[in-house]
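Novice: sequence first, predicted model second:
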Amino acid sequence: MAEEETKLLLEEINPLLEAGDREALRLSLSEQRESDIAELVETVDPDRQRMIFDVLATPEAAQVLLKVNEATRAQLFELLDEHEIQGIFSELDHDDAADLLAELPEEMSARTLDGLGRTDAFQIRRLMRYSPDSAGGIMDPVVISVPADATIAETVNKIRAAEIDEDFYFIYVVDADGRFLGEVRLRLLLTRSETTRIGELIEPDAVYVTTDMDQEEVRNIFRKHDLIVVPVLDGDHRLVGRITADRVIEVAEEEAVEDLYAMAGTNPDELESFSALHAARVRMTWLLPALLGTGITATILTVFRSHNPAIYVAAVAFAPMIAAISGNAGLQTSAIVMSGLATGHLAALRLGTVLSREVRIALLVALSCAVLGAIACAILIHTRTPAGVMQPLKLVFAFGTAMFSAIMVATTLGLLLPFLFRKLGIDPAISSGPLVTTANDSISVAIYMTLAVLLAG
């Protein structure tokens with residue numbers, strides 16, 4: 001909902017909230033979409049949130065709770081009693097319920113799960129066994145499957161009898177042990193004879209994913225094959241669920257947000273609460289190591305203090321330029337590599353191909369920055385000193401050489417670290433975070449000061 005629409009809805013609802021007119025509030029909210037109500041809930045104080053949930057029917061309350069942001073949801077979990085929470089969870093799809101249970105305190109999560117029906121609790125527990133970032137963690141376990149010897153008439157009857165609220169596009173075919181054989185498009189059930197065996201209509205080359213596959217890889221498979229839905233198989237090739245395109249869109253948004261937080265030097269845990277103290281604690285866990293890194297940079301500068309004072313003072317003046325340019329060059333490279341890894345482009349998955357391209361780019365960038373930086377250095381430094389022109393010229397040469405070297409080192413780190421982190425199972429986005437950029441600064445300053453002292457001192 002647009003900001004203007006949210007404001008208009010708030011103006012309509014506010015008088016009812018202030019007057020405590022629950023019946024009028026119920027009537028007004030019944031005309032709104034759950035997504036619009038969720039945006040409204042995010043803008044009002046806890047007392048008004050409580051009143052809104054008092055007038056919502058349980059199915060609508062479940063959808064609103066699902067659609068609000070994580071910080072608001074944590075606040076609502078404190079406002080609602082356990083009976084209300086249990087009723088809301090009973091209305092959620094199993095995959096959504098599993099996601100939200102992970103946000104509850106462990107004891108409350110266990111009690112809520114115990115209060116659900118046996119079948120629902122079993123399905124949710126099965127989903128919670130998987131990593132939340134895996135295909136198993138984001139799948140919907142409710143699927144319609146039939147044996148290969150079933151007729152179209154039997155299949156249609158099974159569809160009619162199934163209790164499934166979500167749209168579906170394929171019928172999955174399995175053997176006697178539940179192993180996946182293929183899929184059949186729904187339109188074939190309408191165009192073929194009722195006595196036709198489903199096994200005759202199977203598309204055996206159907207695309208599928210496995211429960212342990214990372215959600216980012218699942219997203220790339222959807223993009224590559226233009227999928228609407230994909231079946232999920234376990235380690236024994238048994239059909240255990242499905243993932244739909246709308247879920248993948250959510251995953252893409254989550255991945256993008258996580259990458260942005262990692263690059264900014266924080267993480268999505270900051271969204272769990274409105275508390276400024278909580279957000280500050282999350283940010284400081286990243287900033288304290290960065291502070292240590294800048295301390296290392298300062299230590300490097302002081303190490304060279306005992307050398308020629310005139311050269312030291314002149315050299316220090318240009319250290320920030322070296323650190324900034326080399327750091328940004330490394331950031332550009334890591335951003336390109338991360339983008340390629342995230343989208344699954346084949347070229348980005350081959351280190352040799354990327355290395356060949358990025359090294360050539362880095363050489364051109366480093367040479368250009370070295371020349372331009374050296375010219376700037378020459379202009380800013382006095383052209384003559386009592387000792388003549390040699391020391392300034394040496395410093396200019398040292399600056400250009402250091403700029404070239406620092407950019408090459410930073411670019412190499414920006415290229416290799418995303419691949420290394422990915423190999424270790426760490427989010428490659430961290431390679432663009434403050435920890436790595438701070439390390440780049442320390443390395444580039446060390447290179448520069450060493451060359452400045454050796455060449456100009």
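Specialist: Good, I have the coordinates.
Novice: now do the helices in the stretch 301-450 of the chain.
Specialist: 309-343, 351-380, 390-423, 434-456 (DSSP state H, counting those that start in this stretch).
Novice: what comes up buried for the third one?
Specialist: Buried positions in helix 390-423, judged by neighbour count with 16 or more other CB atoms under 10 Å: 391-392, 394-419, 421-422. Every C-beta, even on glycine, is put in place using the N, C-alpha and C of the backbone.
Novice: do the same with stretch 121-132
Specialist: With burial defined by 16+ other CB under 10 Å, the residues of stretch 121-132 counted as buried are 121, 123-124, 126-128, 130.
Novice: just checking, which of these belong to helices?
Specialist: Using DSSP state H, the subset of the buried residues of stretch 121-132 located in helices is 121, 123-124, 126-128.
Novice: got these as TSV, with pLDDT and distance to residue 22 columns?
Specialist: Below are those laid out as TSV (pLDDT from 0 to 100; distance: CB to CB, whole Å):
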residue	pLDDT	distance to residue 22
121	87	33
123	85	35
124	88	32
126	85	39
127	87	36
128	87	36
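Novice: any chance of the helices of the stretch 301-450 of the chain in TSV, plus distance to residue 150?
Specialist: Below are the helices of the stretch 301-450 of the chain laid out as TSV (distance: least, CB to CB, whole Å):
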stretch	distance to residue 150
helix 309-343	39
helix 351-380	48
helix 390-423	43
helix 434-456	56
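Novice: could I get those as a markdown table with mean pLDDT?
Specialist: Listed next are those as a markdown table, based on pLDDT from 0 to 100:
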| stretch | mean pLDDT |
| --- | --- |
| helix 309-343 | 76 |
| helix 351-380 | 80 |
| helix 390-423 | 79 |
| helix 434-456 | 76 |
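Novice: nearest to residue 243, out of the ones you listed?
Specialist: Ranking those by their distance to residue 243 (criterion: CB to CB) puts helix 309-343 first, at 18.0 Å.
Novice: in this protein, which residue is closest to the centre?
Specialist: Taking CA atoms, centre = their mean as the criterion, residue 255 is the residue nearest the geometric centre of the chain, at 1.9 Å.
Novice: look up how far residue 133 lies from it.
Specialist: According to CB to CB, to the nearest Å, residue 255 and residue 133 sit 9 Å apart.
Novice: kindly report the same for residue 333.
Specialist: Here the distance between residue 333 and residue 133 works out to 26 Å (CB to CB).
Novice: more neighbours: these two, which one.
Specialist: Remark: of residue 333 and residue 133, residue 333 carries more neighbours, 28 against 17, as counted by other CB atoms under 10 Å.
Novice: contacts only, for the spatially closest residue to residue 363 that is not a sequence neighbour.
Specialist: Nearest non-adjacent residue to residue 363, counting by CB to CB, 6 or more residues apart in numbering: residue 408, 7.5 Å away. The neighbours of residue 408, taking CB atoms under 8 Å, 6 or more residues apart in numbering as the test, are 362-363, 366.
Novice: again, 10 Å this time
Specialist: Contact criterion CB atoms under 10 Å, 6 or more residues apart in numbering gives 326, 329-330, 359, 362-363, 365-367, 370, 447 as the residues in contact with residue 408.
Novice: from those residues, which would you call buried?
Specialist: Listed as buried from the contacts of residue 408 are 326, 329-330, 362, 365-366, 370, 447; burial here means 16+ other CB under 10 Å.
Novice: identify, from the residues you listed, the entry nearest to residue 216.
Specialist: For these, the nearest to residue 216 is residue 330 (23.1 Å; CB to CB).
Novice: contacts only, for the residue lying closest to the closest one once chain neighbours are set aside.
Specialist: Nearest residue to residue 330 in three dimensions, chain neighbours excluded: residue 410, at 3.3 Å (CB to CB, 6+ apart). Under the criterion of CB under 10 Å, 6+ apart, the contact list for residue 410 reads 322-323, 325-334, 362, 366, 436-437, 439-441, 443-444, 447.
Novice: tell me where the stretch 1-150 of the chain has helices.
Specialist: Counting by DSSP H, counting those that start in this stretch, one finds helices in the stretch 1-150 of the chain at the ranges 3-19, 22-29, 34-43, 46-55, 58-67, 70-79, 82-91, 94-101, 106-114, 118-128, 135-138.
Novice: of all these, which one is nearest residue 379?
Specialist: Residue 379 sits nearest to helix 3-19 of all those, at 48.7 Å, using CB to CB.
Novice: and the angle for the closest one with helix 34-43?
Specialist: 70 degrees (axes from the mean of the first three to the mean of the last three CA atoms, to 10 degrees).
Novice: contact partners for the residue nearest to residue 60 when sequence neighbours are not counted?
Specialist: Taking CB to CB, 6+ apart as the measure, residue 60 lies nearest to residue 34, with 5.9 Å between them; neighbours along the chain are not counted. Applying CB under 10 Å, 6+ apart to residue 34 gives the contacts 56, 59-67.
Novice: distance-wise, check residue 34 relative to residue 94.
Specialist: For residue 34, the distance to residue 94 under the criterion CB to CB works out to 19 Å.
Novice: now residue 413
Specialist: 43 Å.
Novice: same check on residue 324?
Specialist: Computed as CB to CB, the residue 324 to residue 94 distance reads 50 Å.
Novice: low-confidence ranges, the stretch 151-300 of the chain, go.
Specialist: Where the stretch 151-300 of the chain drops to pLDDT under 70, the residues are 163-166, 257-276, 278, 282, 286.
Novice: all strands for it, in order.
Specialist: Across the stretch 151-300 of the chain, reading from the start of the chain, the strands by DSSP state E, counting those that start in this stretch fall at 170-174, 180-185, 209-210, 229-233, 239-244.
Novice: out of these, flag the one nearest residue 29.
Specialist: With CB to CB as the yardstick, what comes closest out of the strands of the stretch 151-300 of the chain is strand 239-244 (27.8 Å).
Novice: which residue ranges make up the domains of this structure?
Specialist: With automatic domain parsing as the criterion, the domains of the chain are listed as 3-130, 145-261, 268-456.
Novice: ramachandran angles for residue 195?
Specialist: According to degrees, to the nearest 10, the main-chain angles of residue 195 amount to phi -90, psi 0.
Novice: that'll do, ta.
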